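Student: any chance you could fold what I've pasted below:
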Amino acid sequence: MQTHLLFFYCYIGLSLVFSEGAQTLLNDELSTLISIKSSLIDHLDYLKDWQMPSKAVENGSSHCNWTGVWCNSRGLVEKLDLSNMNLSGSVSDNIQGLHSLSSLNICCNGFASSLPKSLPNLTSLKSIDVSQNNFVGSFPTGLGSASGLTSVNASSNNFSGLLPEDLGNATSLEILDLRGSFLEGSIPASFMNLKKLKFLGLSGNNFTGKIPPELGKLSSLETIILGYNDFEGEIPAELGNLTKLQYLDLAVGSLSGQIPPELGKLKQLTTIYLYKNNFTGKIPPEFGNITSLVYLDLSDNQISGEIPAELAELKNLQLLNLMCNKLTGPIPSKLGELTTLEVLELWKNFFSGPLPINLGRKSPLQWLDVSSNSLSGEIPPGLCDSGNLTKLILFNNSFSGPIPIGLSTCKSLVRVRMQNNHISGTIPVGLGYIPILQRLELANNNLTGQIPEDIALSTSLSFIDMSSNHLESSLPYTILSIPNLQSFIASNNNLDGNIPDQFQDCSSLSLLDLSKNHISGKIPESIASCEKLVNLNLRNNQLTGEIPKAISTMPTLAILDLSNNSLIGRIPENFGSSPALEMVNLSFNKLEGPVPSNGMLMTINPNDLMGNAGLCGGILPPCSQNYAAPKGQLQKMHIKHIIIGFIIGISTIFFLGIAFFTGRWLYRRWYLCNSFFVDLFKQSNELWPWRLVAFQRVSFTSSDILACIKESNIIGMGGTGVVYKAEIHRPHVVVAVKKLWRSGSDIENGDDLLGEVNLLGRLRHRNIVRLLGMMVHKNETVSMVAGSYGYIAPEYGYTLKVSEKTDIYSFGVVLLELLTGKMPLDPSFGESVDIVEWFRRKIRKNRPLDEALDPSIAGECKHVQEEMLLVLQIALLCTAKLPRDRPSMRDIITMLGEAKPRRKSICHNGVNNGRKEKPIFSTSPIIALL
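Tutor: Here you go, the predicted structure:
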């Protein structure tokens, strides 16, 4: 009895002890959570219920009901989920007090500190997710001691240093995702112990060395994502042993050698991304055995040979990207039999022969780009049979035959680019009814017939180029009133009739080129209602009548070419003072009367007025008292002028020797002295109306400069004037000339003007164009001669899209300056070579671009170099030769925001979801497909 009683007392005592201990442990965890909250910054007050209770709760587990906290049956915290709460601050080391914690998820917040060093003390951890933050420092060592750890997701952070070796001790690990940081070194040998590993994501870091062949022994692997690193060497053939592998991404790196045919043994593989490496050799025919393959991207390598016919056995293939390689031969005809193909990109290779005749007939084809090859034959008729085709890009080939009729009913088309081929026949009726068609480029072909009337009914077209064909008849009456039309080019055809008098609704039109046709009649007055028109080219037609006076009021018109027509009458009086007009060509018409002495007409190149026998005054010879004198009298005056000119010429030769020695004396004594030119400026202005004021020794004259002021030399335009490239040959020198507009009051005081420009002439700054001098006309115009033109977009004479594209080019030049530390026209580039051409030459010679980066910024820091190279790609896009190839400013801002050193991965909690990550500068349109 006493024994039983003793046992009872002991039981009661132990129960009280354990109960008190459990209560203490619960109170400790509550305090731990309060401590964790104290180190967090909770902007949105998600954790407002994390408060110390006012009085003790009986079971002590009130914290189990807090936001993001889950407890086990004993009331101990086993799961902490604080994801997507916009938290920042730091994670307290006191988190180690949650001894039973098995799942920690703090992803998708704004943490920018290091992870707590006590994290490895949580030995019960099974899953940890700290992805999509900005954690810094090294990834903590010691997590390998958590024997039950199955998932580690630390992607999209800023970790640096080496991978912890001890992670290889977590032999239960199934998911290891460390993508998108700055980790370096090689893959630890201990990782070969992770026999249960299914997902390995290390992309977007700075890993080096070779891909370990031992990876081929991790037989559970389903996903390998190692791209966007600096791995080198060949792909290990041992990867062909991973029979469960479904996703292989080794894109954007320095891998080389041939692609191992052993990959053809991977029957479950759905995705192969090997683009943007240095692979050589041929495409393994064994790839045709991977019948589960959906996405195959081998673009941007140096792969040669032909496309294996075996690829046509890939019945599940949706994407085939082989562009930017050295592939040759024909495109296998059986590719046209694939029933799931959505994207086919083969551009910039050396393919020949025809496209598969059945391409698109049996598959939901969305995107076809085979541009810049040597393909021939007719365009397959069934490209849009599925009704999904959005982009058809065929330019720079030798395609012939007609445009397929089926394209005119393809409602999904956005872009049609067929320029520079041998396409014949007529433009099919119906393209104008395609609801989302934006670009129609058919230039440089052999098209005949009329422009279909339905084109004028489009509500979406913004760019139409039908130039250099054999089109005839007249323009559709309302074609220039398409609401979104920005550019219409139909030059070099056989068009006739009148220009449609339907400009009232041309709200977006900026470029109209109808040159080299047989258009007749008058220029419509209503053309002045095109308030955004920048470039109007009507040269080489049969236009008659007078120049509409309203043209001089057009607010954005900068280039006007009416040459080689039969226009009559006078040049409108206020023509030269039009708001934006910078280049005019009125040559070879039947104009007469005095040239207005205002605005840009005071500096117009005489060649732009030649061929108009009745014009006089201004920059031309003075008008007689009766400029309309009979032809006989004009001929006599002309002969008289020739005789006088001959006498003056003889006299000039006589005084040549004296002038030479006098000139040398003046040059040596006074040429570099500003006061000499000030005196010249103040002297009588009855002689030559131009004065060249130099700020250093120059080898050209005002006449040399004026001879270069013509349309073909335009290189840009800013808010204050147009910029010309002036190339003087004896001696050879290239300068930029900016023509400025100033009101009469600005130049009345010559001292003020010279003082202002003298100040500019003394300025020396790497980002300010060096001013060599100025030219002053006795009336209104001021021309500045600058020392470089490195910021100016080269295409100004073609589009004059001042609003964005020329500015984007200049912005790209500024980026190149910042990246290289060099000036736009740095002397190290060579004569007449700007920074853009310097980079283009490096690219053509396959020189590494990182050698051009400013070493004072990049140094030896690889992640800084990586970021600079990403920005360099943006700068090169901005400075593309063709304006349409330059991104919009919105896209530039987006790309700059994403231009992290390596990519930030889109993280998911599952193995399979990780396959849809989006690299920053990917050539693959897979994301658009998804």
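Student: could you show me where the helices are in the protein, in order?
Tutor: Counting by DSSP state H, one finds helices in the chain at the ranges 2-38, 631-654, 656-670, 674-682, 702-707, 744-747, 750-762, 805-820, 835-844, 855-858, 862-878, 889-898, 926-929.
Student: ranking those helices by mean pLDDT, which is last?
Tutor: Lowest mean pLDDT within the helices of the chain: helix 926-929, a mean of 32.
Student: who's in contact with the residue lying closest to His99 once chain neighbours are set aside?
Tutor: Sequence neighbours aside, Ser124 is the residue nearest to His99 in space, at 6.9 Å (criterion: CB to CB, 6 or more residues apart in numbering). Using the backbone N, CA and C atoms, a C-beta is placed for each residue, glycine as well. Taking CB atoms under 8 Å, 6 or more residues apart in numbering as the contact definition, Ser124 lies against Glu78, His99, Ser100, Leu101, Ser102, Ala146, Gly148.
Student: Val69 is in contact with the third one, correct?
Tutor: No: counting by CB atoms under 8 Å, Ser100 stays clear of Val69, with 12.0 Å between them.
Student: so the two - more neighbours on which side?
Tutor: Val69 (21 against 16; other CB atoms under 10 Å).
Student: report pLDDT for the more buried one.
Tutor: 94.
Student: surely Ser372 and Asn396 touch.
Tutor: Yes: if you go by CB under 8 Å, Ser372 and Asn396 touch, sitting 4.5 Å apart.
Student: mutual contacts of the two, please.
Tutor: With the criterion set as CB under 8 Å, 6+ apart, the contacts of Ser372 and Asn396 do not overlap.
Student: now stretch 258-265: buried residues?
Tutor: Ile259, Pro260, Pro261, Glu262, Leu263, Gly264, Lys265 (16 or more other CB atoms under 10 Å).
Student: equivalent analysis for stretch 223-238, please.
Tutor: Thr223, Ile224, Ile225, Leu226, Gly227, Tyr228, Asn229, Phe231, Glu232, Ile235, Pro236, Glu238.
Student: ok now that stretch, how far from the chain's centre?
Tutor: A distance of 28 Å separates the centroid of the chain from that of stretch 223-238, by CA atoms, centre = their mean, to the nearest Å.
Student: average pLDDT across it?
Tutor: pLDDT averaged over stretch 223-238 gives 95.
Student: hey, C-alpha coordinates of that stretch in PDB?
Tutor: Presented in PDB, the C-alpha positions along stretch 223-238 are these (Å, rounded to 0.1, in the frame of the first residue of the first chain):
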ATOM      1  CA  THR A 223      15.000  19.500 -63.700                       C
ATOM      2  CA  ILE A 224      18.400  21.000 -64.200                       C
ATOM      3  CA  ILE A 225      18.700  24.800 -64.600                       C
ATOM      4  CA  LEU A 226      22.300  26.000 -64.800                       C
ATOM      5  CA  GLY A 227      22.100  28.700 -67.400                       C
ATOM      6  CA  TYR A 228      23.300  32.300 -67.100                       C
ATOM      7  CA  ASN A 229      26.600  31.300 -65.500                       C
ATOM      8  CA  ASP A 230      30.200  31.100 -66.700                       C
ATOM      9  CA  PHE A 231      30.500  27.300 -67.000                       C
ATOM     10  CA  GLU A 232      32.900  26.300 -69.700                       C
ATOM     11  CA  GLY A 233      33.800  23.200 -71.600                       C
ATOM     12  CA  GLU A 234      31.400  20.600 -73.000                       C
ATOM     13  CA  ILE A 235      28.100  19.200 -71.800                       C
ATOM     14  CA  PRO A 236      29.000  16.000 -69.900                       C
ATOM     15  CA  ALA A 237      27.800  13.000 -71.900                       C
ATOM     16  CA  GLU A 238      26.900  11.400 -68.500                       C
END
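Student: what's around Ser458, how many residues?
Tutor: There are 22 residues near Ser458, going by other CB under 10 Å.
Student: shared neighbours of Ser100 and Val69, anything?
Tutor: Residues touching both Ser100 and Val69 (CB under 8 Å, 6+ apart): Val77.
Student: helices and strands of the chain: which one has the lowest mean pLDDT?
Tutor: helix 926-929 (a mean of 32; mean pLDDT, DSSP states H and E).
Student: which of the buried residues of stretch 258-265 lies closest to Met600?
Tutor: Met600 lies nearest to Ile259 out of those, by CB to CB, at 60.7 Å.
Student: spit out the contact partners of the closest one.
Tutor: Ile235, Leu274, Phe279, Gly281, Ile283, Pro284, Leu298, Ile303.
Student: go again using 6 Å as the cut-off
Tutor: Phe279, Pro284 (CB atoms under 6 Å, 6 or more residues apart in numbering).
Student: swap in the one 10 residues further on?
Tutor: Leu269 sits next to Leu245, Ile290, Leu293 when contact means CB under 6 Å, 6+ apart.
Student: going through those, which ones are buried?
Tutor: Buried, going by 16+ other CB under 10 Å: Leu245, Ile290, Leu293, out of those.
Student: turn these into CSV, including distance to Leu620 and pLDDT.
Tutor: Formatted as CSV, the buried ones among the contacts of Leu269 follow (distance: CB to CB, whole Å; pLDDT from 0 to 100):
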residue, distance to Leu620, pLDDT
Leu245, 79, 97
Ile290, 75, 96
Leu293, 72, 97
